[in-house]
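> Let's see this in three dimensions:
(2 chains)
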Protein chains: 2
Amino acid sequence: MQQVKAYGILSAALPLGPLQIVRRDVDADDVAIDIAYCGVCHSDIHQARNEWGNSLYPMVPGHEIAGIVSKVGAKVTRFKVGDKVGVGCLVDSCRECPDCKDNLEQFCSRPVFTYNCLEKDNKTLAQGGYSTKIVVHQDFVLHIPDNLPLDKVAPLLCAGVTTYSPLRHWNAGPGKRVAVIGLGGLGHMAVKIAHAMKAEVTVLTRTLDKKDDAKRLGADCVYETRDPKTFENLLRHFDLIINTVSVKLDWGQYLGLLKRDGTMVLLGVPSDAPQVHAFSLIMGRRSLAGSLIGGIKETQEMLEFCGKHNITADIELIPINKINEAYERVIKADVKYRFVIDIASLK
Amino acid sequence: MQQVKAYGILSAALPLGPLQIVRRDVDADDVAIDIAYCGVCHSDIHQARNEWGNSLYPMVPGHEIAGIVSKVGAKVTRFKVGDKVGVGCLVDSCRECPDCKDNLEQFCSRPVFTYNCLEKDNKTLAQGGYSTKIVVHQDFVLHIPDNLPLDKVAPLLCAGVTTYSPLRHWNAGPGKRVAVIGLGGLGHMAVKIAHAMKAEVTVLTRTLDKKDDAKRLGADCVYETRDPKTFENLLRHFDLIINTVSVKLDWGQYLGLLKRDGTMVLLGVPSDAPQVHAFSLIMGRRSLAGSLIGGIKETQEMLEFCGKHNITADIELIPINKINEAYERVIKADVKYRFVIDIASLK
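Down below sits the predicted model:
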């Protein structure tokens, strides 16, 4: 066991601060990682503040981890010391259920999330990436393509795969019209990835403030949703809508923008559940669906895809002592487009 | 033009009664049909009573039409006098839009429904099957398999295809677990068809009153939804749920019964739109979808399928003068499982 410097939270009402945590010894199948960077996901904030009501303290958030392998166990063959690696939202799963067998561990009924979750021993609290080191079973460690810088790659481990997975699953590609609702951490990744998949990409955003940015990121079109004409002009227009926002929208209005057999995929969870009128689905045989991060195999596939297309996140690098301020700015959507913690500042 | 006896309604507040209507002369592409039977669909009642707010009067309802060809136009090659034929919810469409070109005329933006709709001339009111004769373009007339009795086949033209289409589209078949919510006109057809497709069929119904009937129709299992245990025991159980009811249910509770990647398809429209919590879709990558009748090609396919598997509706045959009483009984779900009007009683 090893004492490790971290930054975490002792109860929902407190700010984050320095913590000492313990990492397990490197077992035969384990990979020890010196963390270099960790992205700041909105769900870090939800969980730090117990907004989902399931928080376990003390909590070290962080599931967008990028670093360098410092040690490997005896049975580890796929990684060696010095490799650039990543860890996302999952550090283990049951390995036996149909979802695990289909490489979709995110739907396993007993997953081990990177933090705010009990390890498989049902005692130890898993602790996340706002820390200098982590030890992870090799099956849940990802290779990072050599051409991608570690700081900008960190957000791919959650925001990247969370948008890649539905784009792939619902067949974004040439000849397909994809809309992305919201241009934040998830939205800006969805735009880059859908564009690289050669779909026609439209950003639907409240105002046109980010129009130039959206175009730079790869959007073909940008429309403002505060203008009712947007919903008239784009009727029956899209094959796929990726809804990255957690605020309550009139989903029926957006479903009307789908072509026949189109799907709107929800990635965010509005706390106040919207009403859905059956007509908005029956007309055009439309679907409203949800998607949750991605499996490990798919996360690796996403990283290769991003390597090939030279895709990383647009980030704002911060030292760890700016984390509480960063949380406030995430809540105000005041970041372009992801905060990443420079873990060197914690050492 | 020809005067034809019919039964219809002059305004939402009145009961149905005898009406004279006019049928057009048989044009080159037309098929004239002596109607033998017409099924009574719940949507007949919604429209007769203007419950969707779009009713056009005088209205002769009826879109589950079975009869015999009495005359064909010069260009009609696929039908001859004496053929057993059917007409469903559609009697024409624009023929040019992507939906029409994909044989999914039900999603055409300018369809001609069998009644409560303007014909293509934008003047003549289309009038439905509670009448002795109808004249329909050959492209919207269906062949009825010889082995199926005309009275019991009539409901296939709406209830049959409305359930066949989503079962086919969402791949009901061997190894798939299909749940049917509600055992009424649509539900009993869904059970028969899903069973013939060799899916494992479960009926979810408020009470177990219809349990024996459900099993006779082809259900493998029947569960009552007033028992909360049903929702615990069947968690993550189904690949597909066909929701045939129009009452407001807790859709989230039913979505929980879907396996990963499962879909719940809505066929009915609750007037009060239910709330949908994003978690119920995100967990398990589930979909909530809708489906609307079926295209003409698919309706013919459904009739061949029913011919092959000897599937017809369970009906209660009534004379036309019992129609107002029948409407009241449909509203109380007091029919096993479809009223069919014996049009001989109108002659």
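
> Please count neighbours and contacts with C-alpha atoms only from this point.
Will do.

> give the contact list for the nearest residue to A:K248 once chain neighbours are set aside.
Closest residue in space to A:K248, ignoring its immediate chain neighbours: A:P270 at 5.3 Å, by C-alpha to C-alpha, 6 or more residues apart in numbering or on different chains. Taking C-alpha atoms under 8 Å, 6 or more residues apart in numbering or on different chains, we find A:P270 in contact with A:245-248, B:277-278.

> PyMOL command to pick out the buried ones of those residues?
Filtering these down to the buried ones (16 or more other C-alpha atoms under 10 Å in any protein chain shown) takes a single PyMOL command:
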select buried, (chain A and resi 245) or (chain B and resi 277+278)
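
> for the contacts of A:P270, which one is nearest A:D139?
Nearest to A:D139 among these: B:A278, at 29.5 Å, using C-alpha to C-alpha.

> all helices for the stretch 51-200 of chain A, in order.
Remark: helices of the stretch 51-200 of chain A, listed N- to C-terminal, are A:98-101, A:150-153, A:159-169, A:185-196; assignment by DSSP state H, counting those that start in this stretch.

> And those: which comes nearest A:T263?
Nearest to A:T263, of all the helices of the stretch 51-200 of chain A, is helix A:159-169, at 10.3 Å by C-alpha to C-alpha.

> wait, does that closest one contact chain B?
No: contact between helix A:159-169 and chain B is absent, the nearest approach being 9.2 Å (criterion: C-alpha under 8 Å from any C-alpha of the partner chain).

> Does anything pack onto that helix? Which helices or strands?
Using 3 or more C-alpha pairs under 8 Å, 6 or more residues apart in numbering or on different chains; DSSP states H and E as the contact criterion, the elements in contact with helix A:159-169 are helix A:185-196, strand A:238-243, helix A:296-309.

> Can you name the residues in contact with whichever helix or strand comes after the last one?
In this case it means helix A:296-309. Tracing the chain past helix A:296-309, the next element assigned as helix or strand by DSSP states H and E is strand A:315-319. Applying C-alpha under 8 Å, 6+ apart, the contact partners of strand A:315-319 are A:151-152, A:335-346.

> same thing with stretch A:276-290?
Applying C-alpha under 8 Å, 6+ apart, the external contacts of stretch A:276-290 come out as A:251-252, A:255-256, A:258-267, B:107, B:266-270, B:272-276, B:278-279, B:281-292.

> Ok, stretch A:71-88 next?
The set of residues external to stretch A:71-88 that reach it, using C-alpha under 8 Å, 6+ apart, is A:26-33, A:63-70, A:114, A:138, A:140-146, A:150, A:154, A:157-158.

> ok, now which ones touch the closest residue to chain B within the stretch 51-200 of chain A?
Per C-alpha to the nearest C-alpha, A:F107 is where the stretch 51-200 of chain A lies closest to chain B, at 5.9 Å. For A:F107, the contacting residues are A:99-100, A:292, B:260, B:283-284, by C-alpha under 8 Å, 6+ apart.

> Would you format these as CSV with neighbour count and pLDDT included?
Listed next are these as CSV, based on neighbours: other C-alpha atoms under 10 Å in any protein chain shown; pLDDT from 0 to 100:
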residue, neighbour count, pLDDT
A:D99, 20, 96
A:C100, 20, 97
A:L292, 23, 97
B:R260, 23, 97
B:M283, 20, 95
B:G284, 26, 96
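
> Closest to B:T299 out of those residues?
B:R260 (30.0 Å).

> What sits closest to that closest one if chain neighbours are left out?
B:G284 (4.1 Å).

> tell me the SS of the one you found?
Classification of B:G284 using DSSP: H, G, I helix; E, B strand; the rest coil returns coil.

> where's it relative to A:P98, distance?
Using C-alpha to C-alpha, to the nearest Å, we find B:G284 at a distance of 12 Å from A:P98.

> For A:T225, give its distance to chain B.
In this view, A:T225 and chain B are 21 Å apart by C-alpha to the nearest C-alpha, to the nearest Å.

> tell me which parts of the stretch 51-200 of chain A are close to chain B?
A:99, A:107.

> on that earlier part again, got a pLDDT number for the residue of the stretch 51-200 of chain A closest to chain B?
Note on A:F107: pLDDT of 96.

> How much space separates it from B:R285?
Looking at A:F107 against B:R285, where the rule is C-alpha to C-alpha, the gap reads 8 Å.

> since we're on A:Q47, how many residues are nearby?
The local packing of A:Q47 (other C-alpha atoms under 10 Å in any protein chain shown) involves 20 other residues.

> In which helix or strand does it reside?
In this structure, A:Q47 is located in helix A:42-48 according to DSSP H and E.

> what packs against that helix?
Helix A:42-48 is packed against helix A:323-331, with contacts defined by 3+ C-alpha pairs under 8 Å, 6+ apart.

> who's in contact with A:L255?
A:L255 makes contact with A:263-264, A:280-281, A:286, A:288 under the criterion C-alpha under 8 Å, 6+ apart.
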